[in-house]
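> With the input below, show me the fold.
(one chain, ligands or ions: 1)
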Amino acid sequence: MNDRFLRACRLEPVDSTPVWFMRQAGRYMPEYRALRARYSMLELCRTPELAAEVTLQPLRFGLDAAIVFADILLPLEPMGAPFEFAAGEGPVIHHPIRDLDAIDRLRLVDPDESLGYVLQAIRILRSELQVPLIGFAGAPFTLASYLVEGGRSSQFARTRRLMLAEPEAWNRLMGKLTEVVRRFLRAQIEAGAQAVQLFDSWVGALGPDDYACSVAPHMRTLLADLETTGVPVIHFGTGNPALLDPMARAGGTVMGIDWRVRLDDAWRRVGFHKAVQGNLDPAVMIAPREVIQCKAREVLAQAAGRPGHVFNLGHGITPDVPPDEVAALVDFVHTQSPSLRSRRAVPAS
Ligand code: CP3
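Okay, the predicted model is just below:
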């Protein structure tokens, strides 16, 4: 069993830096596109054998962790907000949630009953994997933004309006999402997930004071509960480095760092008592290999061989990335990082 990833999450020394990529299974891979020609995205997610197969596809690159193939939006349907992935448009929620009545009609789901297919994929994977398995969910703000906007958004104006103008409705919505995510991640851990990641992908739309006031209380409840399970909880957000301090204060065993901040600055702010994950700019992955390696070397140099660094991109891998570059980068991180470690004179205390 390769346990570098879990050791790094726990700040233990490793033989080389563990590496995995957010959205590592997906459209940049020819094997994924071949399956997608036969099944829809939701069919892949809802058929445990297929979800397990897709999860395993990128492991041929030598990654140090697997992430179960699913989507952050899956709990929305059983909550009472059905959606589809419309070609070219991304997710479309059929009836956006914009007032207190609609919020009150949302259901608190029982994950065993309505998301059992994700749990079953996790059980199948645990019997096959030689690397740790990560479960995941969307964080409440990011899920709320999909429910309120009805799909993708750039400014999140409706979400921010609800948050600022109707705090009671907002807190009721966030409270329900927090409870659904809490149950779902606990169920994933019970099914065998060895770490979980919360994706707060769009929280960077907020400034630090609004985050502290309207999001952090819910995140504290959620993270405090998940941290009692004993498995590492990766707390990831993107878009606004000014949120790093309040997000780290809200909790998480490992902080996911986006690429808009230097990894060394981010880690200092988070504190070296917590592990960090990141943070190569995903756009670098379509540059020539020398550029990818130069930028990856900078990330590793900023991590400086300290225990507790999980190499990743600063956000998800994009569909235009050549698979060969993923394989080459995994090798590069594995072969570069021991040399950095041996050059480090004094171990971090
Ligand atoms: O990391 C993995 O390999 C696990 C799979 C995974 C998917 N979605 C599969 C997927 C994970 C971790 C996610 C998380 C997710 N989903 C996030 C958070 C991560 C991030 O990037 O911020 C978000 C915001 C979503 C919502 C979502 N799902 C969007 C916006 C889209 C459409 C994207 C697009 O460009 O069309 C999806 C669909 C989706 N989820 C795909 C995959 C592989 C593409 C589906 C397809 O094959 O057409």
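
> buried sites along the biggest helix by length in the chain?
In the chain, with assignment by DSSP state H, the single longest helix is helix 167-191. By neighbour count with 16 or more other C-beta atoms under 10 Å, helix 167-191 contains the buried residues 169-171, 173-189, 191. C-beta coordinates here come from the backbone N, C-alpha and C atoms, glycine included.

> That one vs the ligand: in contact?
No: judged by C-beta under 6 Å from any ligand atom, helix 167-191 stays clear of the ligand, getting no closer than 12.3 Å.

> Surely Gly278 is in a strand?
Yes: judged by DSSP: H, G, I helix; E, B strand; the rest coil, Gly278 forms part of a strand.

> How much space separates it from Met79?
30 Å (C-beta to C-beta, to the nearest Å).

> One more: Ser339?
Counting by C-beta to C-beta, the gap from Ser339 to Met79 is 49 Å.

> Tell me what the residue nearest to the spatial centre of the chain is bridged to.
Centroid check for the chain by C-alpha atoms, centre = their mean gives Phe199 as the closest residue, at 4.1 Å. Beta-bridge pairing for Phe199 (DSSP bridges): Gly138, Phe236.

> picking up where we left off before, the more surrounded of Ser339 and Met79?
Comparing Ser339 with Met79 by other C-beta atoms under 10 Å, the one with more neighbours is Met79, at 19 against 11.

> Which pLDDT does the model give Lys274?
pLDDT recorded at Lys274 is 98.

> Next one: it relative to the ligand, how far apart?
21 Å (C-beta to the nearest ligand atom, to the nearest Å).

> Correct me if wrong: that residue contacts Ala248.
Yes: assessed by C-beta atoms under 8 Å, Lys274 is found in contact with Ala248 at 6.7 Å.

> hey, what's in contact with both of those two?
Common neighbours of Lys274 and Ala248, using C-beta atoms under 8 Å, 6 or more residues apart in numbering, are Met255.

> So which residues on this structure come close to the ligand?
22-27, 36, 41, 67, 69, 71-73, 85, 90-91, 136, 199, 201, 315-316.

> Give the buried residues for the particular helix or strand that has Arg268 in it.
Arg268 is part of helix 263-270 when elements are defined by DSSP states H and E. Buried residues in helix 263-270, counting neighbours by 16+ other C-beta under 10 Å, are found at Leu263, Asp264, Ala266, Trp267, Val270.

> So which elements touch that helix?
If contacts are counted by 3 or more C-beta pairs under 8 Å, 6 or more residues apart in numbering; DSSP states H and E, helix 263-270 sits against helix 244-250, strand 275-280, helix 289-303.

> would you turn these into JSON lines with mean neighbour count and distance to Asp101?
Below are the helices and strands packed on helix 263-270 laid out as JSON lines (neighbours: other C-beta atoms under 10 Å; distance: least, C-beta to C-beta, whole Å):
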{"stretch": "helix 244-250", "mean neighbour count": "20", "distance to Asp101": "30"}
{"stretch": "strand 275-280", "mean neighbour count": "26", "distance to Asp101": "39"}
{"stretch": "helix 289-303", "mean neighbour count": "17", "distance to Asp101": "47"}
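
> Now render those as TSV, adding distance to Tyr32.
Below are these laid out as TSV (distance: least, C-beta to C-beta, whole Å):
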stretch	distance to Tyr32
helix 244-250	31
strand 275-280	21
helix 289-303	21
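
> of all the ones you listed, which lies closest to Trp259?
Closest to Trp259 of the helices and strands packed on helix 263-270, according to C-beta to C-beta: strand 275-280, at 5.1 Å.

> How about the residue of the stretch 101-250 of the chain found nearest the ligand, nearest residue that isn't a chain neighbour?
In the stretch 101-250 of the chain, the residue that lies nearest the ligand is Ser201 (3.1 Å; C-beta to the nearest ligand atom). Of all residues not flanking Ser201 in the chain, Thr142 sits nearest, at 5.0 Å (C-beta to C-beta, 6 or more residues apart in numbering).

> so what's that neighbour up against?
Thr142 neighbours (C-beta under 8 Å, 6+ apart): Ile72, Phe199, Asp200, Ser201, Trp202, Val203.

> most neighbours, which of those?
That'd be Asp200 among the contacts of Thr142, by other C-beta under 10 Å, with 27 neighbours.

> Please tell me the pLDDT value assigned to that one.
98.

> Go ahead and confirm it touches Phe136.
No: Asp200 is beyond contact range of Phe136, at 11.4 Å (criterion: C-beta under 8 Å).

> can I get the buried residues of helix 263-270 in CSV with pLDDT?
As requested, the buried residues of helix 263-270 are arranged in CSV below (pLDDT from 0 to 100):
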residue, pLDDT
Leu263, 98
Asp264, 98
Ala266, 98
Trp267, 98
Val270, 97
